[in-house]
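> Take a look and give me a structure for this.
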Amino acid sequence: MPTNRPYLFYELTNSICSTCLRKVEAKVVIEDNRVYLMKRCLTHGPEKVLISTDAEYYKRCREFIKPSEMPLHWNTPIKYGCPYDCGLCPDHEQHSCLTLIEVTDVCNLQCPICYAESSPKRETWRTMEQIEAMLDAVVRNEGEPDVVQISGGEPTIHPQFWDILDAAKARPIKHVMINTNGIRIAQDREFARRLAEYMPNFEIYLQFDSFEKEALMELRGADLRDIRRKAIEHLNEFNISTTLVVTLKKGLNDSEIGRIIQYGLEQRAVRGVTFQPIQAAGRVEEYDPSTDRLTLSEVRQSIIDQSGVFEAEDMIPVPCHPDALAMGYALKLGGQVIPLTGMIDPEILLEGGRNTIVFEQDSAVRDRIFELFSTAHSPESSSLSLKNLLCCLPMAAVPEHIGYDNVFRVLIMQFLDSYNFDVRSVKKSCVHIAHPDGRIIPFDTYNLFYRGDLEKTVLEPLRQEV
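Got it, this is the predicted structure:
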């Protein structure tokens, strides 16, 4: 008598073996409302990887797909097949929504979970010539890049830090971010004041993992509570747009998700919070991928359960890379917080003119959202206005103008690693790193195959087998 499998076969894709990184066939299956990637390496045997705890949300991501937007320039030819041709090759299916420029490997921390393995012991500083070449490569690919993030190591300790900012702001980049641990901002008020001179279209991407000493010690190797407090104090003083960036580890700090969102809402300078589950790359301990992974869907559910602001309809996939990105928007108005995303027809996002990681960088989408919530609408208008929305909230003041200071976004950014690697998904990756040689490489594959000596020691032998 035939028996049924305990799961539902959903789709077929390609992945890689987490041990040898060879490409292997994989199937996506649904079991008990959970989604798993099941793959088998001829050498290292089968693997079962948890990729979602919410099968319905996983399926919904397939509804948030826009036509792929290509870069203006391809950097490498198609030769070995994905993921062995990164740079970007013409087989990639997304331009760069956000590109990192890593200006140094040196850091004033030695975080146990650093994907770049930066530390005070590293000695590599990019020269201005190298940095400008990387910036030019991004501009060549994008024309007017949406977001460029100056990163490291710790970029604020680069001896030519201000020259780097000047070079970025001199180019047609819409939004410049500094990815920082906040130590220099906390310790040097004058440094923070000078940062404010680069506003607008400038943002601090501030590590903010936990309020608890134990979690900070495990994630960052140091008790940074006072540093975070002082950094926020300086950023608030000068109203420098800031995103709090939370690296999440299952069972360690995921119970603080709602608390961090509420804290961010109370800060003048904070425009949002980005949650990033740990990527198994660089310095990270081994774990059971079938049970111990913190998935995007779990983070999304924690936001819904803990925040007191966002409901399920408010946290939706981001169309440029729906597998890996989810986002919710809210409006901050004098103590009131009004979630917006669930009130916006998803077609507005899918019909927007530009695929981008943050909706407000798409002028067409931004204008339609702000028009929807505008106070200046005619009585004949059938669209919902902010004034209509607030009629039941008499304590909230209706602003004359809605600006970036009023926007608060929550983003979940899940990176692929050797466990959950999915070629179908990585082709849609829109977070990229500028390689010093001029290539633009997806973040997911960079940390597996292209960082440092990995291309020579790991990738070249795999290419020889193709």
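> Which positions in the helix or strand hosting A231 come out as buried?
Assigned by DSSP states H and E, A231 belongs to helix 225-237. Within helix 225-237, the residues scored as buried using 16 or more other Cβ atoms under 10 Å are I227, R228, K230, A231, I232, H234, L235, N236. No exception for glycine: its C-beta is placed from N, CA and C like everyone else's.
> Identify the residues contacting the third one.
Residues near K230 by Cβ atoms under 8 Å, 6 or more residues apart in numbering: A186, Q187.
> Can you check the pLDDT for it?
With respect to pLDDT, K230 scores 96.
> Can you give me the separation between it and Y205?
In this view, K230 and Y205 are 18 Å apart by Cβ to Cβ, to the nearest Å.
> try the second one
Using Cβ to Cβ, one obtains 14 Å as the distance from R228 to Y205.
> Leaving out chain neighbours, which residue sits closest to R300?
Nearest residue to R300 in three dimensions, chain neighbours excluded: M315, at 5.0 Å (Cβ to Cβ, 6 or more residues apart in numbering).
> go on, I278?
Using Cβ to Cβ, 6+ apart, the closest residue to I278 is K249 (5.3 Å).
> Give the next helix or strand downstream of the worst-scoring helix or strand of the chain on mean pLDDT.
Every helix and strand in the chain was compared by mean pLDDT, DSSP states H and E; the lowest is helix 386-389, with a mean of 36. Following helix 386-389 in sequence order, the next helix or strand is strand 407-413 (DSSP H and E).
> Who are the packing partners of that following strand?
Packing partners of strand 407-413 (3 or more Cβ pairs under 8 Å, 6 or more residues apart in numbering; DSSP states H and E): helix 257-265, strand 270-277, helix 296-306, strand 325-333.
> cutoff 6 Å now
Packed against strand 407-413 by the contact rule (3 or more Cβ pairs under 6 Å, 6 or more residues apart in numbering; DSSP states H and E) you find strand 270-277, strand 325-333.
> Okay, buried residues for it please.
So strand 407-413, judged by 16+ other Cβ under 10 Å, has buried residues V407, F408, R409, V410, L411, I412, M413.
> Count the neighbours of the closest residue in space to the last one that isn't next to it in sequence for me.
Computed as Cβ to Cβ, 6+ apart, the closest residue to M413 that is not its neighbour in sequence is Q276, at 5.1 Å. With neighbours defined by other Cβ atoms under 10 Å, the count for Q276 comes to 18.
> beta partners for Q276?
T247 (DSSP bridges).
> My read is that it contacts T243, right?
No - with contact defined as Cβ atoms under 6 Å, Q276 and T243 do not form a contacting pair (11.3 Å).
> Look up how far C89 lies from I232.
Counting by Cβ to Cβ, the gap from I232 to C89 is 41 Å.
> Next one: the residue positioned nearest the centre of the chain from Y450, what distance?
Closest residue to the average C-alpha location of the chain: M413 at 3.8 Å, with Cα atoms, centre = their mean. Note on M413: its distance to Y450, by Cβ to Cβ, is 19 Å.
> Likewise for G264?
Where Y450 is concerned, G264 sits at a distance of 33 Å (Cβ to Cβ).
> Check M38 too.
27 Å.
> what sits up against the lengthiest helix in the chain?
Assignment by DSSP state H gives helix 128-142 as the longest helix of the chain. Residues outside helix 128-142 that contact it (Cβ atoms under 6 Å, 6 or more residues apart in numbering): 71-73, 96, 99, 101, 103, 145, 148, 160, 163-164, 167, 171, 434, 436, 438, 440.
> Any of those buried? List them.
Buried among these (16+ other Cβ under 10 Å): P71, S96, T99, I101, V103, P145, V148, I164, A167, A434, G438, I440.
> which of these sit farthest apart?
Within the buried ones among the contacts of helix 128-142, P71 and I164 form the most distant pair, 22.9 Å apart (Cβ to Cβ).
> Could you check how far I51 is from K66?
22 Å.
> One more: V318?
10 Å.
> Looking at those two, which is more packed in?
Applying other Cβ under 10 Å to V318 and K66 shows that V318 carries more neighbours, namely 25 against 17.
> Spatially nearest residue to that one, not counting backbone neighbours?
Closest to V318 by Cβ to Cβ, 6+ apart is L325, at 3.8 Å.
> these two touch, right, the one you found and M315?
No - the criterion here is Cβ under 6 Å, and L325 misses it with M315 at 10.9 Å.
> helix or strand for the residue lying closest to S96 once chain neighbours are set aside, which one?
Distances taken as Cβ to Cβ, 6+ apart place H432 nearest to S96, at 4.5 Å, with adjacent residues excluded. Using DSSP H and E, H432 maps to strand 431-434.
> quick one: strands adjacent to that strand?
strand 98-102 (parallel), strand 440-442 (antiparallel).
> And it, how far out from the chain middle?
Distance of strand 431-434 from its chain centroid, counting by Cα atoms, centre = their mean, to the nearest Å, is 11 Å.
> before we move on, what about stretch 152-171?
On Cα atoms, centre = their mean, the centre of stretch 152-171 falls 21 Å from that of its chain.
> what does stretch 24-35 give?
24 Å.
> Show me what that stretch is in contact with.
Counting by Cβ under 6 Å, 6+ apart, 6-13, 15, 17, 36-39, 41, 51-53, 55, 58 sit against stretch 24-35.
> Many thanks, have a good one.
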